[in-house]
Every structure is written in structure tokens, then in C-alpha cells.
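Student: My questions are about this predicted structure, shown below with the sequence.
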Amino acid sequence: MGSRSVGIAFALALAVGSAGSARADAIDRRIDALMKRMTLADKIGQVTLASIAEVFEYDKVTSGAYGNVMNFGTAKEFAKVVEAWKKSRLKIPLLHGTDIIYGNRTLFVPPLAQASSFDLALNRAAAEQAGLESSAAGTNWTFAPMVDLNRDPRWGRVVEGAGEDVHLASCLAGARVAGFRAGGLIVSAKHFVAYGFGEGGRDYDAVEMGEPFLRDHVLPPFRAAIAAGSQTVMSAFNAFNGVPATANHHLLTDILRRDMRFTGVVTSDWGAIDQLANHGLSPAPLDLTVATFNAGVDLDMASYFFLRNMPQAIAEGRVSKARLDEAVRRVLRLKFEAKLDERMHADPTAQAAAQAKLDPRGRDLAVEMGRRTTLLLHNPKDRLPLGDMKRIALIGGLADSPRDHMGPHPALSQMEDIVTLRKAITDRAAKAGASVDYLEACGACRFPADTDDAVIAETAKKAAESDVILAVVGETYEESGEAAARADLALSAPQVKLVHALAATGKPVVLLLTGGRPMLVENVIDRVDAIAMVWFPGTYGAIGTAEVLFGDVSPSARLPMTWPRSTGQLPLSYDRLPTGRPASADDKWTNKYIDVGWTPRWPFGHGLGYSTTTVSAPRLDRSTATAADTVKVTVTVTNTGERAMRETVQVYVHDVIASRSRPQRQMKGFAQVDLAPGESREVTIPIRVATLGFHVDDGSYVVEPGAFRVFAGKTAETEAAVALEVTSGSKVPPWEAPIPCVEPKAAAKR
Ligand code: BGC
């Protein structure tokens, strides 16, 4: 850029900056003027979020008692709310929130599945599409993304997250927030905090956690979401170190506001304030209102406690007027910054029409997402792709169940639009001149009572007439998501029986797993020829899966979570701390089980394609560095097979000697590379040394000088490494700690 254009760019930036601040000033003035006209009741209405209900009191929208609403998913339902609002005195626009988790009219595969694409742009695009489809129909706020890190697939909500890795989860948090916002939605990173670490994998359970761990592992995805523009944060249901998150001043004020510099709106989760009585905080709604609001929750989702008790709390001085004004101002600012006034006047007929149509762009994206998330786990005999198999038996009711394809959050997707695995595979087979015989067998085959042995025997007999058997087993939509914790991740007994019967035919069996989390395959893996995870395919994902099965595309998905061998191994993640007695086969007195191996079935980052690749040992552009430097890690990736393939190179780091024990590996970067057969490419992944540190007890973040090892490879188990010496370290307060996957400049802008 020449000096003149630099000057112009600078002037432009100033102009844009001053336009931005002029707008902010105008919003401030508007809020000041409005606050003067608001009664106490009006203010309390602004901190109330009322849910759709069988008997919804529309007059409370008119009176201003309900200043925000949720779950009026259809344009028609929301139009009734708008009619009531039009009669209100102050006409303050309403926040209208809904769980838009992985699509709306067009449903994508769920977030954990999307994470397996390791493709940030694709995740962003899917969130944007979900946003567009929702905002066109009147929703202006999504309760997403869920950025809870987790290491325990017993927890059903892993399906809504991004898996176990801090770096990947932070990257995806940013991508999803940006996507939803581009699609016109206000965003809510949730659930603050540590909800993914409930004891025993049980939903809503208590969490005990040290703060350095919280800051190192759990907060970064929230910080990334906030840096990307998440204007709201939802507090969690769980107790954290003994204090329920909803009433936890330390979490919501000291950590979220002070240390994370969050300036937006904190909403409670559904009925969470009410449920504080069950936590044993107090039986009195007034006490719970005071505790929650003073802890830092600005908005009461569906408990109606603020509505009913705030007048008394204010009258008795237990909540200050200043605190109420602060929360109201935050809510108003959010509404005006998001220009919600204009949206309240949208044409309901146009909104309904927008909702009625399926968007072709959504279809293309959802098919691509299907391709990129069909996760090939096991294929030792190269049975996949299907190649010239002419007669295919497709077995299992889950292959033809639209509702199960939708997973736990169907939003406004329609059953009749779902392209099932059965349809997609049959259509694709027809193009290859192959036929598909579909047999429902025992349906979803979940419960022994639904399973007739004669049906299984008959199914196997018919399947034996084919060249290859595709068996679809796994979870139904009800077995995944909220309130769907599982104590045993094994395939159900009837599913195992079915797979064994199919394997006994001697025909090759390919297992297609549906569901929202890793499941145990130990008692079937030796009998089948291939295993692929197909998740909940959503509206069109199955089309992409069929293309992968037939070899139009080589699979490229990678595990965003460690895949266990046994439920008893859980929680299990690759980034664990070392122990003084590392597991060893030859030594009983080491860190392992006596009845199950200590390694996972498949590690984080695992996933196969239809070709083979090699990744060279990593090379660094420097062997010493300071905390201010960036180190470039380079590997040569070679496609050693006969098909084109996408490889995902992962870089891990271990801080070998430190004042605290440090995780054995932590991913610090990754890159995808497309390779033609025989092709070699150099891939360089920059790593900021500042991101190699950790938090200490007082909350500050340190990078300690000393020895590090930098690993590169195709999974978290890679052994290829090179030494890095950090010559000088750093120590910064928590708000200055680097955010994984967020460039320092972007973090500063927030
Ligand atoms: C969930 C939230 C969700 C809310 C509203 C709660 O039960 O925990 O994630 O946003 O319901 O549907």
C-alpha cells in the first residue's frame, strides 16, 4: 500500500470509528431518555424472559411485564406476541430467544459431529445458515453455541459441544459465534461454567474443580466466544465448588466480568433460579432472587422470580436500584445495538413464507457437512469404499427413521424433508448400477423386549444374499442431548446380537453408527469389516455420507473426542497430566486398570481416509524462542496411496519441566491439506509461544522458560517430536492471557 492509500485507509478507519462511537453515543442517549420514562415494573420486565406456554399471558407483553420472550419458534406464534407488544406503552423491542443449535428449517449434523470436520469455515457457514433461517422468521437470539468443554461422553450433551480439546473448542466457538451473528442472531455462549464436568457424567450434577484447571481448560472457549462477539452468556445449572453457578458471585462477577472483561448480558438457564431451592440455597423465592441478581445474573429465564420478587427486594434494599439499572441498561444496549426495533415491524406474512421454504444454499451446505463429518474409524481390509458391490443389504430401522436423523434438537425441520440414509444410499447405489435391499430388522433394536430372535435370524438369512451388508445401529434421538446421560456406552444387546448374526453370514459387514457421542464397539469390532460414525445426519447429511461410502469423496473427519474401550475408563482425554508411575504393561504398580487397557480404542484426532499418508517429523524455524515469539512448525505430508485425500496435521506441545505438572500433550494448532495420489506438501503451522503457558493459583497466566517438546502427526498419540527451548517467559493478569485460536489483535478489539 502506498503512503497515500495508507492515509486514506487511516482516515476511513477514523471515520468508521467515529461513526461507530457516534452510534454508541446515540444509543447511550436513547437509553438515558428511556430509563427516565420507565417505571420500576418496566425495568423488571426488561430482566424477565418469559417462555411460550400453554396459557401464555399476552397482556403481560402489552403491560411490559414480559420484556423478552422465548421459544415462539414459528412466525405465526411470534406474530401474536408482536400484536400484544404493539399495544405497549414504551414499545421496547423484545429479545426473542430460541435454541437454534445446529440448524432450523435445514438441519445439519449436530455440533460435535460438525466439530469432527475440523473445518472452521464450514462450521461458520452452517451457523450462518441456521441464523438466516431463524432471523428471517422472527427469532433474534439463539441460546448457542454451547462451548462447554467435556471429557466424558456419558454426558448426553456432548452432542451439543465441540469435544474435549481446548484449542479446537476455542476455534469452533469463534467460528460458530461469527456464523450465528452473520446470520442475524444475538448469541449466547453457554453454560457458564464447567457444566460439562458434572460428576459421573450425569446431567445437572455438581462440579468440583481447581481454578487453574478452570482457567486453562474451561474458560478459553468462552473467552473465544466473547472475543468473536457473543453478546450474552448463559449461566449453568450445576453447582461449582459448592455454590450453584446461577448464584455464584465469584464465577459471574469476579471471573466473568472482572477477569474475562465480559460487558454483555448474563441470562440464567431455564428455571434455574427456581431450582436453587433444590440446591438448598433457600426455600424463599425472595432470597433466591436476591442471591442470583446480586451474583451477576441479569435476566431470569422462565423462573419469573425477578418479576414476582424484585419489587420487594428493591423496597427492602436487598437489591440496589443501581444494580437493577445496570442490568436494564445492558439489556437495552443489546437490543438497540442489534437494531431489534426494526425487526419488530417485520411483515409476519413474509416471515411465515420465509419459514415455509427450504433454502437451496442450506441443502448444499448440509450435504457438504455430511461428506466432511462421515467419520471412518476402522477399515482394515479396505472394504470401504463400496466399489463394485452390486447387491447391498441395508439393515436396521435407524437407516429409515427421519425423526432419529434429526437428533435431539429438531428446531423447525420437517420429517418429510429428511433424506434418510436409506434413501440417500439407495439413490447413490442406483447411479452405480447397484441395488439396495432394506430390512428394518428389529427397528432401532434398543430393547431386548422389542427384539424377536426369529426376526434377526430371518434378516441375516436375507442379508446373506447380498455382496455387502451395511448395518445401521447406535443411538436414537432420545438417547442423546440434554437429560440423556448414559451409565453404559455399549451398543444395546439386540444391536450386538443383530451385528453378530449378520457377521455370521460370512458377508462383509460395514457398521454405520448413528448417535451423538462415542459408543463402545469392543464386542463387535472383530466381526465387522469397517466402522463409520454417521452421527444424526439431519436433513441432507446422509447424501454426503452416501457419497463417502461409494468413494466419490474420501472421508476426512477426525475425532474431536477420545473414543473409549470401556465406560469405566471415563472420563478420558488425551490432554491428561502425567503421573509418577506411567502405565506400563510390565509393571503392575503403574497407572492403569487391571481389567481393561489404559489406551483408548481410538485417540483424539483419529480418522481414516481412503488413501494412506505419512507425516514427517516436525521441523521448527527456530530451536529457541521467547514468550513473545511465534514458532513455525513444518512437516512434509505425503499421500502414499492411490486416491486423493485430505489429511489433518495436528501439532501438540508438552511443557516438559514446569512448576506445575503439565498435560502430556496439548494441541496448539492444526491444518488440513488436500493431496493427490503420490503428492507431497509442506505444511507450516505457526504456534504462538504465549499460548504455551498456564494459569497459577492467583489467576495470573505464566509462560515459564525451559524445555518443551513439539509433536506433529495425525492423532494425539503421535510420537514424532522436536525440542524447543523457551529462553524467557512471561506473567500476565488473566484478562491478558492469550486466547487459543484468537489473534491478539482480535482479542483486543472486543
Ligand atoms: C438448557 C439450555 C437451553 C434452555 C432453553 C435448558 O434446559 O440447559 O441449554 O438453552 O433449556 O431451552
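Tutor: It's in. Numbering: from 1, shown residues only.
Student: Any regions of the chain where pLDDT drops low?
Tutor: Applying pLDDT under 70 to the chain flags residues 1-17, 746-750.
Student: change it to 80
Tutor: Residue ranges of the chain with pLDDT under 80: 1-20, 450, 745-750.
Student: after whichever strand or helix holds Cys171, next one along is what?
Tutor: Remark: Cys171 resides in helix 166-182, with elements defined by DSSP states H and E. Next in sequence after helix 166-182, counting helices and strands by DSSP H and E, comes strand 186-192.
Student: just how off-centre is that following strand within its chain?
Tutor: Centre-to-centre, strand 186-192 and its host chain are 11 Å apart (CA atoms, centre = their mean, to the nearest Å).
Student: and it with helix 166-182, angle?
Tutor: Strand 186-192 runs at 150 degrees relative to helix 166-182, counting by axes from the mean of the first three to the mean of the last three CA atoms, to 10 degrees.
Student: Would you mind pulling the contact partners of whatever helix or strand comes next after strand 186-192?
Tutor: With elements assigned by DSSP H and E, the helix or strand that comes after strand 186-192 is helix 211-213. Residues outside helix 211-213 that contact it (CB atoms under 8 Å, 6 or more residues apart in numbering) are 660, 694-697, 699. All C-beta spots, glycine's among them, are computed from the backbone N, C-alpha and C.
Student: Please repeat the previous calculation with a cut-off of 10 Å.
Tutor: By CB atoms under 10 Å, 6 or more residues apart in numbering, the residues outside helix 211-213 that reach it are 194, 197, 218-219, 241, 250, 255, 577, 660, 694-699, 701, 734.
Student: which of the residues in the following helix or strand past it are buried?
Tutor: Next along the chain after helix 211-213, taking DSSP H and E as the criterion, comes helix 219-227. Within helix 219-227, the residues that count as buried by 16 or more other CB atoms under 10 Å are 219-227.
Student: packing partners for helix 219-227?
Tutor: With contacts defined as 3 or more CB pairs under 10 Å, 6 or more residues apart in numbering; DSSP states H and E, helix 219-227 has these neighbours: helix 166-182, strand 186-192, strand 232-235, helix 744-749.
Student: Let me know the angle separating the second one from helix 219-227.
Tutor: Right, strand 186-192. Going by the same axes, to 10 degrees, strand 186-192 is angled at 160 degrees with respect to helix 219-227.
Student: if we can go back for a sec, export the helices and strands packed on helix 219-227 as TSV, with columns for distance to the ligand and mean neighbour count.
Tutor: Below are the helices and strands packed on helix 219-227 laid out as TSV (distance: least, CB to the nearest ligand atom, whole Å; neighbours: other CB atoms under 10 Å):
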stretch	distance to the ligand	mean neighbour count
helix 166-182	14	26
strand 186-192	5	28
strand 232-235	6	28
helix 744-749	26	12
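Student: for the ones you listed, which one sits closest to Ser21?
Tutor: Across the helices and strands packed on helix 219-227, Ser21 has its closest neighbour in helix 744-749 (13.8 Å, CB to CB).
Student: give the contact list for the most centrally placed residue in the chain.
Tutor: Here the mean C-alpha position of the chain is nearest to the C-alpha of Gly161 (CA atoms, centre = their mean), at a distance of 2.6 Å. Contact analysis of Gly161 by CB under 10 Å, 6+ apart lists 110-112, 115, 145-150, 155, 169, 172-173, 195-196, 221, 516, 560-561.
Student: please redo it, this time with the cut-off set to 8 Å
Tutor: Each residue near Gly161 by CB under 8 Å, 6+ apart is listed here: 111-112, 115, 146-150, 169, 196.
Student: could these go into JSON lines alongside secondary structure?
Tutor: Output for the contacts of Gly161, formatted as JSON lines (DSSP: H, G, I helix; E, B strand; the rest coil):
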{"residue": "Pro111", "secondary structure": "helix"}
{"residue": "Leu112", "secondary structure": "helix"}
{"residue": "Ala115", "secondary structure": "helix"}
{"residue": "Met146", "secondary structure": "strand"}
{"residue": "Val147", "secondary structure": "coil"}
{"residue": "Asp148", "secondary structure": "coil"}
{"residue": "Leu149", "secondary structure": "coil"}
{"residue": "Asn150", "secondary structure": "coil"}
{"residue": "Ala169", "secondary structure": "helix"}
{"residue": "Gly196", "secondary structure": "helix"}
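Student: May I ask which of the residues you listed has the most neighbours?
Tutor: When neighbours are counted by other CB atoms under 10 Å, Val147 leads the contacts of Gly161 with 34 neighbours.
Student: Among the contacts of Gly161, pick out the one closest to the ligand, please.
Tutor: Checking the contacts of Gly161 against the ligand with CB to the nearest ligand atom, the nearest one is Met146 at 6.6 Å.
Student: What's opposite the closest one in the beta bridge?
Tutor: On the basis of DSSP bridges, Met146 takes part in beta bridges with Lys190.
Student: Offset the numbering so it begins at 30, please.
Tutor: Right, with 30 as the first residue, what we last looked at is Met175.
Student: surely it meets Val188?
Tutor: No: counting by CB atoms under 8 Å, Met175 does not reach Val188; the two are 9.3 Å apart.
Student: shared neighbours, those two?
Tutor: Taking CB under 8 Å, 6+ apart as the contact rule, Met175 and Val188 both touch Pro140.
Student: Residues of the stretch 380-529 of the chain that sit close to the ligand?
Tutor: Proximity of the stretch 380-529 of the chain to the ligand (CB under 6 Å from any ligand atom) is limited to residues Glu511.
Student: now the helices for the stretch 380-529 of the chain?
Tutor: Under the criterion DSSP state H, counting those that start in this stretch, helices of the stretch 380-529 of the chain are mapped to 389-402, 431-435, 450-460, 482-492, 522-532.
Student: ok now stretch 509-521, how far from the chain's centre?
Tutor: That offset, for stretch 509-521, works out to 18 Å (CA atoms, centre = their mean).
Student: and if you look at stretch 550-562?
Tutor: Distance of stretch 550-562 from the chain centroid (CA atoms, centre = their mean) equals 26 Å.
Student: Mind listing what's buried along that stretch?
Tutor: Along stretch 550-562, these residues count as buried under the neighbour rule (16+ other CB under 10 Å): 550, 553-554, 557-562.
Student: what's that stretch in contact with?
Tutor: Stretch 550-562 is contacted from outside by 142, 145, 403-410, 412-413, 500, 519-520, 525, 528-529, 532, 537-542, 544, 574, 577-578, 584, 586, 594-595, 630, using CB under 8 Å, 6+ apart.
Student: same check, this time on stretch 368-380
Tutor: Applying CB under 8 Å, 6+ apart, the external contacts of stretch 368-380 come out as 104-105, 107-108, 111, 114, 120, 122-124, 164-167, 169, 364.
Student: With stretch 325-336 instead?
Tutor: Residues contacting stretch 325-336 (CB under 8 Å, 6+ apart): 73-74, 76-80, 94, 97, 99, 261, 263-264, 275-276, 278, 280-282, 285-286, 294-304, 314, 317-318, 321-322, 356, 359-360.
Student: From these, keep the buried residues only.
Tutor: Buried residues within the contacts of stretch 325-336, counting neighbours by 16+ other CB under 10 Å: 73-74, 76-80, 94, 97, 99, 261, 263-264, 275-276, 280-282, 285, 294-304, 314, 317-318, 321-322, 356, 359-360.
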